[in-house]
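**Q** My questions concern the predicted model and sequence given below.
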Amino acid sequence: MKILVDTCVWSLLLRRKTSVAFGNEEQLLQNALTDAIQDGRVAIIGPIRQELLSGIKDPTQFEMLRRGLEPFDDELLRTADYEEAARLFNLCRARGVECGATDVLICSIAGINGPS
């Protein structure tokens, strides 16, 4: 089974300079992600890749991160994934919960069939 890793979790591994600043929970999460990567269980979708690469001012850092993500193929997204994401977004909004498009897309993918 693959694990669909969200942007904030990737950031722990890819953007932080050292693990010295990590708390215990962050270190455990970083270790779990490293193990999942080594086991080939990690999945990514294009919108998460875009979030990770967005906002990097230094072209050298951008290129390093882009290359670091190269081994991970984007999961194939289907029309049904986007439709379910829109349904979940509307459901949340109707109940007063604000959420981002990428967040509900992740929920949709995980809820429909999980990453392949």
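**A** Thanks, I have it. Numbers count the residues shown, from 1 in each chain.

**Q** Which residues are in contact with residue 24?
**A** Residues near residue 24 by Cβ atoms under 8 Å, 6 or more residues apart in numbering: none. Where C-beta positions appear, they are placed from N, C-alpha and C, glycine not excepted.

**Q** quick one: it and residue 73, what's the gap?
**A** Per Cβ to Cβ, to the nearest Å, residue 24 is found 32 Å from residue 73.

**Q** With residue 98 instead?
**A** 31 Å.

**Q** How about residues contacting stretch 57-66?
**A** 14-15, 52-53, 56.

**Q** Give me the buried subset of these.
**A** Buried members of the contacts of stretch 57-66, counted by 16 or more other Cβ atoms under 10 Å: residue 52.

**Q** Looking at the contacts of stretch 57-66, which are in helices?
**A** If you go by DSSP state H, the contacts of stretch 57-66 have 14, 52-53 in helices.

**Q** wait, which of these is closest to residue 37?
**A** residue 14 (10.7 Å; Cβ to Cβ).

**Q** Return the item of the ones in helices among the contacts of stretch 57-66 having minimum pLDDT.
**A** Across the ones in helices among the contacts of stretch 57-66, the smallest pLDDT goes to residue 14, namely 71.

**Q** That residue contacts residue 52, doesn't it?
**A** Yes: using Cβ atoms under 8 Å, residue 14 is in contact with residue 52, at 7.0 Å.

**Q** Return every residue with contacts to both of the two.
**A** Residues touching both residue 14 and residue 52 (Cβ under 8 Å, 6+ apart) are 65, 69.

**Q** Now do the domain split for this structure, please.
**A** Domain ranges of the chain: 3-69, 79-112, per automatic domain parsing.
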